[in-house]
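S.K.: Structure for this input, please:
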Amino acid sequence: MQQLSGLDAVWLYLESDQTPMHVGGVYLFDTSNRRHPIDFQVFREHLAGRLDVARILRQRPVEVPLNLGAPYWIDDPDFFLDAHLSRHTLARPGDWPALMNLAEDFFSRPLERDRPLWEMCFVEGVGPIEPARNRCVALLVKVHHTAVDGLSGEEVIWALLDPTPTPAWQHVTRPWLVEAAPSAAWLLLRTAAGLPGESLKMVRLAAQVATGTVGAAMEKILHHTALPPLPLTAPATCFNRPLTGQKRTLRSVTLPLQPLQTIRQWLPGATINDVVLAICAGALRQYLLAHNDLPEQPLVAAVPIAARSREHWRTLGNQVSVMLVPLATAESEPLQRFRQIHSRVQDAKRYSRHLQLQLLTEMMPAALSYFLGGLSRRLYQSQQVGPLFNLFITHVPGPRQPLYLRGAPLIRHLGMAPIFHGLGLILVVTSYLETLTISLTSCPDIMPDPEVFTAALEESFAELAKLTATR
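M.R.: Down below sits the predicted model:
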């Protein structure tokens, strides 16, 4: 059994009917060149043959009574594949808006806690949707955030897909050696035995905070870098309100990678992630101006940093740190905004090395994570505090080579991630082959006009591409 870390447990404790805490994606496959279509039964048999490749697919959490300790992952002794699968056939013409409507309904429903925390929906009757000229199938996937971060979530996809049209290996299903779920008494005894360790975690947590604070102060003195924004100092916007329902909104734009590389080269030392942040900042500024809601202070984005080492590649849970980045949304000139964001990202990276938020969440005792998760949910729902930050912008680089499902190439995909009270917008950035997709997850009471925002993303990209190409 593997025990959840403090951060993993927080994702469970933040969850409610209004705020399901899963991540997911929409994957579109071109079946034009297949002699026989991929139907639901073919997909089910394909998945059944690969269940033991990704632990995420067969393990579920078991909670300690009274939440006295962090939950544990166990192999589900009652695993039933069909409880995690559904199928849907789109009515003609089966276009992209119809697929997005289905995906919004799928992602709005929380996962059941008494089974492995994932679901997939196989969608037929899709297309043709560009770039496919003929029939397609789609796959909707959601996995609880407590089980995956962006990189470990790729394990699920790699378990399903192949790098060649013909699978490079044939997998043979074998029975799992599972034990019965642990009893409540056993969990309480194990928790009691770990109490000295939990006390030590509090000491280590305090020491790490003190060490990180000193290191950050020295960074400021020696290198004169700008301090990153503190939590709870971000300006309030229309994105930072309580959620009133669980309905989700999902939209995306897909951009070519080559112009992004040209924009990146305009500013020495800049990265593709800096370019993405600049594009998002331009869109946020334009959207908030249109709604008379642009604050004088710059919006603050929480940007996850992958901290997953190779030895933790196949472990469940989250291995990430986070940096807070001012997005220069008060700056009207796009290139100057890009330059400011790049500078602040560099500063944030220096401070993140000292603060090591990933280590802080690993050290967090279970009781503290339960308290913080419940407290933050209540505070943000009642609007008693300002936003920790304004939104998440998370970038998960994908493969540059094509992927296939039973010989059908993956031609388009997008990601989604959870929103919750006080943080009603998240942007998920994924790349695949020669394209980059920016997806927004929100809800109708926070963003009633998502098409306005996606249009702003495209305009922000076009503006940067034009300016950097002429200088």
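S.K.: alpha carbons only for contacts and neighbour counts from here, please
M.R.: Fine.
S.K.: Can you point out the buried residues in stretch 335-351?
M.R.: 335, 337-351 (16 or more other C-alpha atoms under 10 Å).
S.K.: which element is A465 on?
M.R.: Using DSSP states H and E, A465 maps to helix 450-469.
S.K.: what about that helix, distance to the chain center?
M.R.: Distance of helix 450-469 from its chain centroid, counting by C-alpha atoms, centre = their mean, to the nearest Å, is 23 Å.
S.K.: do the same with stretch 260-273
M.R.: 24 Å.
S.K.: Keep only those of the buried residues of stretch 335-351 that are in strands.
M.R.: Using DSSP state E, no member of the buried residues of stretch 335-351 sits in strands.
S.K.: Show me the residues you listed that map onto helices.
M.R.: 335, 337-351 (DSSP state H).
S.K.: so who does the closest residue to D293 other than its chain neighbours touch?
M.R.: Excluding its sequence neighbours, the residue lying closest to D293 (C-alpha to C-alpha, 6 or more residues apart in numbering) is T237, at 6.5 Å. Going by C-alpha atoms under 8 Å, 6 or more residues apart in numbering, T237 touches D293, L294, P295, N390.
S.K.: The second one - nearest residue in space that isn't next to it in sequence?
M.R.: For L294, the nearest residue in space outside its immediate sequence neighbours is L288; the separation is 4.8 Å by C-alpha to C-alpha, 6+ apart.
S.K.: Can you tell me the SS state at the one you found?
M.R.: Under DSSP: H, G, I helix; E, B strand; the rest coil, the three-state class of L288 is helix.
S.K.: Next one, pLDDT for it please.
M.R.: pLDDT, L288: 98.
S.K.: Can you give me the distance of it to A278?
M.R.: The gap separating L288 from A278 is 15 Å, by C-alpha to C-alpha, to the nearest Å.
S.K.: Phi, psi for T441 please.
M.R.: phi -120, psi 130 (degrees, to the nearest 10).
S.K.: check contacts around it.
M.R.: By C-alpha under 8 Å, 6+ apart, the contact set of T441 is R248, T249, L250, R251, M416, A417, P418, I419, L425, I426, L427, V428.
S.K.: burial count for the first one?
M.R.: Close neighbours of R248, defined as other C-alpha atoms under 10 Å, add up to 27.
S.K.: doesn't S108 make contact with it?
M.R.: Yes: with contact defined as C-alpha atoms under 8 Å, R248 counts as touching S108 (5.3 Å).
S.K.: still on that earlier bit, now, which of the contacts of T237 sits nearest A408?
M.R.: The nearest member of these to A408, counting by C-alpha to C-alpha, is N390 at 39.2 Å.
S.K.: Find the nearest non-adjacent residue to the closest one, please.
M.R.: Nearest to N390 is V300, by C-alpha to C-alpha, 6+ apart, at 5.4 Å.
S.K.: quick one on the thing from earlier: same for the helix holding A465, what does it pack against?
M.R.: Counting contacts by 3 or more C-alpha pairs under 8 Å, 6 or more residues apart in numbering; DSSP states H and E, helix 450-469 packs against strand 249-256, helix 257-266, helix 272-290, helix 334-355.
S.K.: need the helix or strand of this protein with the lowest average pLDDT.
M.R.: Ranking every helix and strand in the chain by mean pLDDT, DSSP states H and E puts helix 357-363 at the bottom, with a mean of 50.
S.K.: coming back round to it: how deep is the residue nearest to L294 tucked in, by neighbour count?
M.R.: 17.
S.K.: Could you give the number of residues near Q258?
M.R.: By other C-alpha under 10 Å, the residues close to Q258 number 12.
S.K.: Not counting sequence-adjacent ones, nearest residue to it?
M.R.: Going by C-alpha to C-alpha, 6+ apart, Q258 has E434 as its nearest residue, at 7.4 Å.
S.K.: thinking again about what came up before, any idea how far H144 is from the residue nearest to D293?
M.R.: T237 is 28 Å from H144, where distance means C-alpha to C-alpha.
S.K.: can you list the domain ranges for the chain.
M.R.: Under the assignment automatic domain parsing, the domains of the chain span 2-191, 195-469.
S.K.: Look at the first one and report the distance between its end residues.
M.R.: So that's domain 2-191. Domain 2-191 end-to-end distance (C-alpha to C-alpha) = 13 Å.
S.K.: now the angle from the helix or strand S321 falls within to helix 334-355?
M.R.: Assigned by DSSP H and E, S321 belongs to strand 320-326. Calculated by axes from the mean of the first three to the mean of the last three C-alpha atoms, to 10 degrees, strand 320-326 forms an angle of 140 degrees with helix 334-355.
S.K.: Can I get strand 320-326 in CSV, CA atoms only?
M.R.: Extracted C-alpha coordinates of strand 320-326, given in CSV (Å, rounded to 0.1, in the frame of the first residue of the first chain):
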residue,chain,number,x,y,z
VAL,A,320,4.9,19.2,-8.4
SER,A,321,5.9,22.6,-7.1
VAL,A,322,4.2,25.9,-8.0
MET,A,323,5.5,29.3,-8.7
LEU,A,324,3.4,32.5,-8.6
VAL,A,325,3.9,34.7,-11.7
PRO,A,326,2.5,38.3,-12.2
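S.K.: State the pLDDT value of L250.
M.R.: With respect to pLDDT, L250 has a value of 97.
S.K.: bridging residues for it?
M.R.: Assessed by DSSP bridges, L250 has beta-bridge partners T441.
S.K.: What residues does it make contact with?
M.R.: L250 makes contacts with M100, A103, E104, M416, S439, L440, T441, S442, as judged by C-alpha under 8 Å, 6+ apart.
S.K.: same thing with T329?
M.R.: A281, G282, L284, R285, Q297, P298, L299, R337.
S.K.: and with 6 Å instead?
M.R.: Contacts for T329 (C-alpha atoms under 6 Å, 6 or more residues apart in numbering) come out as A281, R285, P298.
S.K.: Spell out the secondary structure type for it.
M.R.: Under three-state DSSP, the three-state class of T329 is coil.
S.K.: Surely P298 touches L324?
M.R.: No: contact criterion C-alpha atoms under 6 Å: P298 and L324 do not qualify, at 11.8 Å.
S.K.: of these two, who's got more company?
M.R.: A side-by-side neighbour count of P298 and L324, using other C-alpha under 10 Å, places L324 first with 26 against 19.
S.K.: how far away is that one from A193?
M.R.: 37 Å.
S.K.: got any ranges where the stretch 351-471 of the chain has weak pLDDT?
M.R.: 351-384, 471 (pLDDT under 70).
S.K.: count of residues packed around the closest residue to W118 other than its chain neighbours?
M.R.: Among residues not flanking W118 along the chain, V143 sits closest, at 4.3 Å (C-alpha to C-alpha, 6+ apart). Using other C-alpha under 10 Å, V143 has 24 other residues around it.
S.K.: which other helices and strands contact the helix or strand where V143 lies?
M.R.: With secondary structure defined by DSSP H and E, V143 is part of strand 136-144. The helices and strands touching strand 136-144, judged by 3 or more C-alpha pairs under 6 Å, 6 or more residues apart in numbering; DSSP states H and E, are strand 22-30, strand 118-126.
S.K.: hey, where'd the helices end up in the stretch 1-150 of the chain?
M.R.: 6-14, 40-48, 96-108, 150-160 (DSSP state H, counting those that start in this stretch).
S.K.: from these, which stretch is densest packed?
M.R.: Mean neighbour count (mean count of other C-alpha atoms under 10 Å) peaks for helix 6-14 among these, with a mean of 24.
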